[in-house]
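Trainee: Let's see this in three dimensions:
(one chain, ligands or ions: 1)
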Amino acid sequence: MIQLTNIEKYYANKGVKNYVLRLVTTTIKQGEFVSIMGPSGAGKSTLLNIIGMLEEPTYGTYDFLGENVTSLNERKRIELYRNHIGFVFQAYHLIDEMTVYENIEAPLLYKKVGSSERASRIADLLDRFNIVAKKDLFPNQLSGGQQQLVGIARALAAQPSIILADEPTGNLQSAQAEEIMELFKKLNQEDGITIIQVTHSEKNAQYGNRILHIADGVVKEDVTVA
Ligand SMILES: Nc1ncnc2c1ncn2[C@@H]1O[C@H](COP(=O)(O)OP(=O)(O)OP(=O)(O)O)[C@@H](O)[C@H]1O
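Mentor: Below you'll find the predicted structure:
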C-alpha cells in the first residue's frame, strides 16, 4: 500500500542542511497497524505528514496504492488524499463554530457526497460512537475523549482506506486513551482499515502489529508486535 524509498527531508538554513529524515525506506501493507516511536525531534511527525501528503520529501520516492505521489501534480495528490486518507490529530482540530454533526459532515461536503448519503453515514457514525445525544453540541461542550471520538468520526466519514494519527491520545486521560486505542484496534481488525500512529506510549504501541523506532531521522528498528 505504501512504499517509501530513500526518503529524505531537510531544511536549509544559511546554506546548512538540517536533516530531519535520512534515507528512510520501508513498506507498509494494507491492513497493518503500525506505530512510529522515537525521541522528541526524531522526525516522527514529519514522516507521518509525508505519508499523509501534507508535506513533500526533499528527495526519494513515495508510492501510495501504486501511484507515485512524488510525481503527481497538486490536484491529483489532493484527490488521492481525499479519497483514501483520514487524519486524526492530538489537538483534535475540530472547527469550534460547528456542531458535532457539522464537523463530521465537513469532509463529505468537500467530496460532494449527496445529502441523503451524508445523513446516513453521519447517523451511522454517531450511533457507532455513542454520541447521538451530542450531535448538536459544539466541541467546547464535550470532554477531550468525546472530541477525539468526533475527530475520528470525521476522519472515517469519507471512508478512507488508511487512518493516520499523530499522538491521538496525547491530550487524554488514561481511561479515555484506552477507549480510543480499543476503537483503533477494532477499526483495524474488524473493518480492515490500515492505521499508522505516532506515539510516545509503549502501551499504545502494543495495540498495533508493528513498531518503527526512529531516531535522528533514521529507522533504527522495525519490530513485529507479538
Ligand atoms: N519548517 C521547519 N523548519 C525547520 N525545521 C523544522 C521544520 N519543521 C520541523 N523541523 C524540525 O524537524 C525535526 C523533526 O520534527 P518532527 O516534528 O518530525 O519531530 P517528532 O519526532 O515528531 O517530535 P515530537 O515527538 O517532539 O513531536 C525537529 O528538529 C524540528 O525542529
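
Trainee: What distance do you get for residue 74 to the ligand?
Mentor: Distance check for residue 74 against the ligand: by CB to the nearest ligand atom, to the nearest Å, it reads 19 Å. Backbone N, C-alpha and C define where each C-beta goes, glycine included.

Trainee: so how many other residues sit close to that residue?
Mentor: Neighbour count of residue 74, defined by other CB atoms under 10 Å: 8.

Trainee: What values do phi and psi take at it?
Mentor: Dihedral pair for residue 74: phi -60, psi -40, per degrees, to the nearest 10.

Trainee: for the chain, which helix is longest?
Mentor: The longest helix of the chain (DSSP state H) is helix 174-189.

Trainee: Restrict it to CA atoms and write it as PDB.
Mentor: Listed next in PDB are the C-alpha coordinates belonging to helix 174-189 (Å, rounded to 0.1, in the frame of the first residue of the first chain):
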ATOM      1  CA  SER A 174      -5.700   7.100  30.600                       C
ATOM      2  CA  ALA A 175      -9.300   5.700  30.500                       C
ATOM      3  CA  GLN A 176     -10.200   7.900  27.500                       C
ATOM      4  CA  ALA A 177      -6.900   7.000  25.900                       C
ATOM      5  CA  GLU A 178      -7.700   3.300  26.300                       C
ATOM      6  CA  GLU A 179     -11.100   3.800  24.700                       C
ATOM      7  CA  ILE A 180      -9.600   5.500  21.700                       C
ATOM      8  CA  MET A 181      -6.900   2.800  21.300                       C
ATOM      9  CA  GLU A 182      -9.500   0.000  21.600                       C
ATOM     10  CA  LEU A 183     -11.500   1.800  18.900                       C
ATOM     11  CA  PHE A 184      -8.400   1.900  16.600                       C
ATOM     12  CA  LYS A 185      -7.800  -1.800  17.200                       C
ATOM     13  CA  LYS A 186     -11.400  -2.600  16.200                       C
ATOM     14  CA  LEU A 187     -11.300  -0.400  13.100                       C
ATOM     15  CA  ASN A 188      -8.100  -2.200  12.100                       C
ATOM     16  CA  GLN A 189      -9.200  -5.800  12.900                       C
END
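
Trainee: how about the residue nearest the centre of the chain, secondary structure?
Mentor: Per CA atoms, centre = their mean, the C-alpha nearest to the average position across the chain is that of residue 164, at 1.5 Å. State at residue 164, reduced to three classes by DSSP: H, G, I helix; E, B strand; the rest coil: strand.
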